[in-house]
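J.: after the sequence you'll find the predicted model.
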Amino acid sequence: MKFFPKISIVFLSLFFIIGTGLAYPQETATEVITLKNSLAAPVVKRELDAIKSTAGKVVYNESTGTFIVMDVPDKLKEMIEKVKTLDIPVERKVLDLQNLKTEDAVKTIEPMLTPGIGLVNVIKDNELEVIDTSEKVKAIERAIWEKDRKKISLSVKVEVIQIILNDEHLSGVDWEAILMDFQSKTFKGFGDSVRNKLSFGSLNQEDFEVLVDALESVGDMRPIANYVKDEVSGDFSIDLPVKDLLFIPNQDAINKRNHDDQVKYSVAVSDVQETGCQIIIDPQYKGTQGVFGVDGKIAMTVEPGNTLIAGGLFKNVMIESMRKIPLLGDIPFLGAAFRTQGHRHRKTEIVVFIKPLIKVEKK
């Protein structure tokens, strides 16, 4: 009679193990694998680590060129087969870089590597290690040499204009209909009541020249800044102080109060190649009301010859205006009686042109 309860306990235990997915540990086996080509060891180690189970272990003895592999039978068999496909003649080449950045060299090499066999390691700055088949190593060496013998330098041309908008164009330029890779961000602007929706995009040289001519129909253009930053290798800023943008007499206290306010476009340039570069813009307003930015930075890839354009930044200003009777108002001396001068509120749009100038010098 006591036999049946024991049987019941056994069946209950088996039911619990099966029902919960638990199982007794499988037996593990060990295999010693000697490589024919020790240069393949880093790749083999990487692949075996990816295959082994949680119970498995992979140990490499560099002095003997052997792997000690321990795992459950199925995994062990899979690893042995993988070693057969990887243990082929490979070469190791150390590449010394002169002009090419290490990260750029790695980006060039990785797509060229033989899947599952090739490997690239950074030894130190300007020095890389490549392991792959002889044919691949030679192809990689040629590709890196071709890129490394070219010294790429970058200058950035910056131009800032302010457009006094005509009454027919008070909403500003329709940048979305004009620019390639259009992006927009809501922005506090100069802290006044004008709502700004910054617009970003790029144009090729031909379209840019057409745009500049077309802007004259939108309003009167006034240049604010025009300069070139040479040897750009990182970050710089484009400052737009209010005092450089207003068309007001100095005695106008109402408009003088915000002269210390400032809008700044922080610009970061990266990944400079013959085919272009990436430009990241972070607009910020700093003034009496605090510091404001945008939700997320603007990142754009600009090809050589193209111009990045940042528009949609508005500012209300007061400018001197004159009204006169045609012809009579132009008469010397007497004409003063037929014309009046005063101030008029106008809406303006500030536009920034950023053009990368990439120079390639072969060594």
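T.: It's in.

J.: where do the helices sit along the stretch 1-150 of the chain?
T.: All helices of the stretch 1-150 of the chain, identified by DSSP state H, counting those that start in this stretch, fall at 3-20, 41-51, 73-86, 102-109, 134-148.

J.: looking at these, spot the one closest to Ile309.
T.: The closest of the helices of the stretch 1-150 of the chain to Ile309 is helix 102-109. By Cβ to Cβ, the value is 27.1 Å. Where you see a C-beta, it was placed from the backbone N, CA and C, and this is true even at glycine.

J.: looking at the helices of the stretch 1-150 of the chain, which is nearest to Ala310?
T.: That would be, of the helices of the stretch 1-150 of the chain and by Cβ to Cβ, helix 102-109, which comes in at 27.0 Å.

J.: correct me, but Ala139 touches Pro111?
T.: No: with contact defined as Cβ atoms under 8 Å, Ala139 does not reach Pro111; the gap is 11.5 Å.

J.: between these two, tell me which one has more neighbours.
T.: Ala139 (13 against 6; other Cβ atoms under 10 Å).

J.: what residues are up against that one?
T.: Applying Cβ atoms under 8 Å, 6 or more residues apart in numbering, we find Ala139 in contact with Met112.

J.: same check on Glu159?
T.: 223, 225-226, 352-353, 355.

J.: hmm, try it at 6 Å
T.: Glu159 is in contact with 226, 353, counting by Cβ atoms under 6 Å, 6 or more residues apart in numbering.

J.: that one and Ile309, how far apart?
T.: Distance, Glu159 to Ile309, by Cβ to Cβ, to the nearest Å: 10 Å.

J.: any common contacting residues for those two?
T.: Shared contacts of Glu159 and Ile309 (Cβ under 6 Å, 6+ apart): Phe353.

J.: quick revisit: any chance of the helices of the stretch 1-150 of the chain in a markdown table, with distance to Gln273 and mean pLDDT too?
T.: Compiled in a markdown table, these are given as follows (distance: least, Cβ to Cβ, whole Å; pLDDT from 0 to 100):
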| stretch | distance to Gln273 | mean pLDDT |
| --- | --- | --- |
| helix 3-20 | 56 | 42 |
| helix 41-51 | 29 | 90 |
| helix 73-86 | 33 | 90 |
| helix 102-109 | 7 | 91 |
| helix 134-148 | 9 | 90 |
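
J.: out of those, which gets nearest to Ile33?
T.: Across those, Ile33 has its closest neighbour in helix 73-86 (5.4 Å, Cβ to Cβ).

J.: next, the angle helix 41-51 makes with that closest one.
T.: Angle, helix 73-86 to helix 41-51, by axes from the mean of the first three to the mean of the last three Cα atoms, to 10 degrees: 150 degrees.

J.: list the helices and strands helix 73-86 packs on?
T.: Applying 3 or more Cβ pairs under 6 Å, 6 or more residues apart in numbering; DSSP states H and E, we find helix 73-86 packed against strand 29-34, helix 41-51.

J.: circling back to that earlier point, mind checking which of the helices of the stretch 1-150 of the chain is nearest Lys315?
T.: Counting by Cβ to Cβ, Lys315 lies closest to helix 102-109 out of the helices of the stretch 1-150 of the chain; the figure is 40.3 Å.

J.: tell me which residues in that closest one are buried?
T.: Of the residues in helix 102-109, 102, 104-105, 108-109 count as buried by neighbour count, 16 or more other Cβ atoms under 10 Å.

J.: and those residues as a markdown table, adding distance to Val267?
T.: Shown next, in a markdown table, are the buried residues of helix 102-109 (distance: Cβ to Cβ, whole Å):
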| residue | distance to Val267 |
| --- | --- |
| Thr102 | 24 |
| Asp104 | 20 |
| Ala105 | 26 |
| Thr108 | 26 |
| Ile109 | 30 |
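
J.: now, which of those residues sits nearest Val210?
T.: Nearest member of the buried residues of helix 102-109 to Val210, counting by Cβ to Cβ, is Asp104, at 34.4 Å.
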